[in-house]
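>>> mind looking at a prediction? Sequence and model below.
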Amino acid sequence: MIDWLAGAGVEWSTEPGVLAVSRNDRSGWPPAGSPAAVVFPRSAEQVSRVLRLANEARTPIVPRGAGTGLSGGATAGDGVVVLDLSRMNRIVAVSPADATAVAEPGVITADLDRAAAAHGLRYAPDPASVAISTIGGNIATNAGGLRCAKYGVTRDSVLGLDVILADGRPLSTGTATLKGVTGYDLTGLFVGSEGTLGVVVRATLRLRPIPLATATIAASFADVESAASAAVALSSAGVQPAIAELLDEATLRAIDAAQGTSLLATGGALLLVQTDGAGAAAEAALIADVLATTATSVRTTTDETEAAELLAARRLALPSLERLGRPLIEDIAVPRSRLADAIREIAVIAARHAVPISTIAHAADGNLHPLIVVDPAATEIPVAAQRAADEIFELALKLGGTLTGEHGVGTLKRAWLGRELGETSHGLQRQIKAVFDPAGILNPGKGI
């Protein structure tokens, strides 16, 4: 089935250790079986040859970056060939004049941000996995991150893409300009398509100026519902925070235990808010006044080191929870005004099914991450955990929200996809998939 690889002119491996690493992502739920091979292209031309030959042989291909996905979108089971893009990791160009960068898919997100910083710029999207995730993976899932409150998700920073289609043909989309409306928005179509329409081999990305100043507020609350209500009330302050992150009591307890911090000492929930720009201090003062009406404590800092320590606690939430078990990481989003309702109902769901659920939220845009922690020895999702997850999905739709805000559908949410999209939309999306990938070789069983 993979004899064609010998003529592809690209490095590949069938070593058991390599296959084992390449079959999983960070969702915690491995697929059945193991991939047939892993391919390591170093250029767009090599990707093109691999896809052309795979398409002719009808061999399924799973594109992969760093494997940090959380929905099973990069998992690879029996018979597939993994297209590992991690060695295509060049930052091709940074243009300070245009405030753009051109990068290959294997570039680590934080590395691009550092390269931009040398020119007084930054790459705004910053998922919690920023230090290990890749640009290609971020594009595949339309990743968000802490700064999405002000700067949007990955799609808002992607200007153009070079893509290899399923049959090996190259395609360029978008522009190198900040505006461009010629034809349909194929760039936007590929962003978030989870590797089911084509393989991104180069991206033209928008950069932003590094803010003149930042101010960070850490507000503790008696409970997570109070913190959620306070986060919603921030809209009355008339300012747009760059970051607004909410952590509940279970999450704070896990971080304190794993990292030796004392976040729980000041309250049962923590809201981290950051403002940036010339008016950062004044905006932070307004926000602090709003939060102080219900918070147990409010601390504001303009010290970069102290702010970094506070935000590090948020980024360490998942690693800390992973020490307690295997987190089943959900990713719903609701209208911001329903954030407190969602958090209240998630607690009811946890109690009803007797499963531990820790909740983290990008509070400024209503994106919640309920983390159901299960026994790491489990080979399948426990029944109680699955029922809790299903009720969380149902809750999101009931509140006018969505099944996924930034992690993607992958394999874990496909059963619910039709319910959110509806028959007409779901059918049209499958037709789009058939146009770009008639043989169905690209990431089969994922996304739509």
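It's in.
>>> C-alpha from now on. contacts and neighbour counts both.
OK.
>>> now Asp185. Nearest residue, chain neighbours left out?
If the residues on either side of it in the chain are set aside, Asp185 comes closest to Gly174, at 7.3 Å by C-alpha to C-alpha, 6 or more residues apart in numbering.
>>> ok, how many other residues are close to that neighbour?
23 (other C-alpha atoms under 10 Å).
>>> same question, Lys150
Neighbour tally, Lys150, other C-alpha under 10 Å: 17.
>>> from the chain's centroid, how far away is the helix or strand containing it?
Element membership for Lys150, per DSSP states H and E: helix 148-151. For helix 148-151, the separation from the chain centroid amounts to 14 Å (computed by C-alpha atoms, centre = their mean, to the nearest Å).
>>> what packs against it?
Judged by 3 or more C-alpha pairs under 8 Å, 6 or more residues apart in numbering; DSSP states H and E, the packing partners of helix 148-151 are strand 243-247.
>>> so which elements touch the strand it packs on?
Strand 243-247 packs on helix 148-151, helix 224-233, strand 269-276, strand 357-362, going by 3+ C-alpha pairs under 8 Å, 6+ apart.
>>> right, and Met88 touches Val107 too?
Yes: Met88 is within contact range of Val107, at 7.2 Å (criterion: C-alpha atoms under 8 Å).
>>> who has more neighbours out of the two?
Comparing Met88 with Val107 by other C-alpha under 10 Å, the one with more neighbours is Val107, at 25 against 21.
>>> got a list of what the more buried one touches?
86, 88-91, 134-136 (C-alpha atoms under 8 Å, 6 or more residues apart in numbering).
>>> go through stretch 344-353 and flag the buried ones.
346-347, 349-350 (16 or more other C-alpha atoms under 10 Å).
>>> tell me the one of those nearest Cys148?
The closest of the buried residues of stretch 344-353 to Cys148 turns out to be Ile346 (C-alpha to C-alpha; 23.1 Å).
>>> check contacts around that closest one.
Taking C-alpha under 8 Å, 6+ apart, we find Ile346 in contact with 357, 370, 392.
>>> do that again at 7 Å, thanks
Ile392 (C-alpha atoms under 7 Å, 6 or more residues apart in numbering).
>>> one more: Val273?
By C-alpha under 7 Å, 6+ apart, Val273 lies in contact with 216-218, 241, 243-245.
>>> go again with 8 Å.
Counting by C-alpha under 8 Å, 6+ apart, Val273 touches 216-218, 241-245.
>>> got it, and Gly73?
25, 194, 408-411, 443, 446-447.
>>> low pLDDT regions in the chain?
1 (pLDDT under 70).
>>> for the stretch 1-150 of the chain, which segments count as helices?
16-22, 44-57, 109-117, 135-141, 148-151 (DSSP state H, counting those that start in this stretch).
>>> which positions within the first one qualify as buried?
Neighbour-count burial for helix 16-22, with 16+ other C-alpha under 10 Å as criterion, is recorded at 19, 22.
>>> equivalent analysis for stretch 100-116, please.
Applying 16+ other C-alpha under 10 Å to stretch 100-116 flags 100-113, 115-116 as buried.
>>> then stretch 87-101?
Buried residues in stretch 87-101 (16+ other C-alpha under 10 Å): 88-91, 94, 96, 99-101.
>>> inside strands: which ones of the residues you listed?
Among those, the ones falling in strands (DSSP state E) are 91, 94, 100-101.
>>> can those go into a markdown table with extra columns for distance to Asp3?
As requested, these are exported to a markdown table (distance: C-alpha to C-alpha, whole Å):
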| residue | distance to Asp3 |
| --- | --- |
| Ile91 | 33 |
| Val94 | 40 |
| Thr100 | 41 |
| Ala101 | 38 |
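>>> farthest pair within those residues?
Farthest pair in these, by C-alpha to C-alpha: Ile91 and Thr100, 11.3 Å.
>>> what residues are up against Ile132?
Taking C-alpha under 8 Å, 6+ apart, one finds 66, 68, 108-110 in contact with Ile132.
>>> quickly list what the residue nearest to Asp185 is bridged to.
Gly174 has these beta-bridge partners by DSSP bridges: Gly160.
>>> ok, now how distant is it from Asn138?
Distance of Gly174 to Asn138, given as C-alpha to C-alpha, to the nearest Å: 17 Å.
>>> repeat that for Pro35.
23 Å.
>>> for these two, indicate the residue with more neighbours.
Asn138 (30 against 25).
>>> the domain parsing of this structure - what is it?
3-84, 91-209, 214-317, 325-420 (automatic domain parsing).
>>> among these, which is nearest His426?
It's domain 325-420; of the domains of the chain, that one is closest to His426 (C-alpha to C-alpha) at 6.0 Å.
>>> how far does the closest one stretch from one end to the other?
By C-alpha to C-alpha, one end of domain 325-420 lies 30 Å from the other end.
>>> 24 is where my numbering starts, stick with that
From this message on, residue numbering opens at 24, which makes the last subject domain 348-443.
>>> ok, back up a step: Val247: which of the contacts of Gly96 is nearest?
Closest to Val247, out of all of the contacts of Gly96 and judged by C-alpha to C-alpha, is Gly431, at 25.8 Å.
>>> how about that closest one, secondary structure?
Going by DSSP: H, G, I helix; E, B strand; the rest coil, the secondary structure assigned to Gly431 is coil.
>>> what residues of stretch 404-416 count as buried?
408, 411-416.
>>> coming back round to it: need the helices and strands packed on strand 266-270 in CSV with distance to Trp27, can you?
Below are the helices and strands packed on strand 266-270 laid out as CSV (distance: least, C-alpha to C-alpha, whole Å):
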stretch, distance to Trp27
helix 171-174, 43
helix 247-256, 55
strand 292-299, 52
strand 380-385, 46
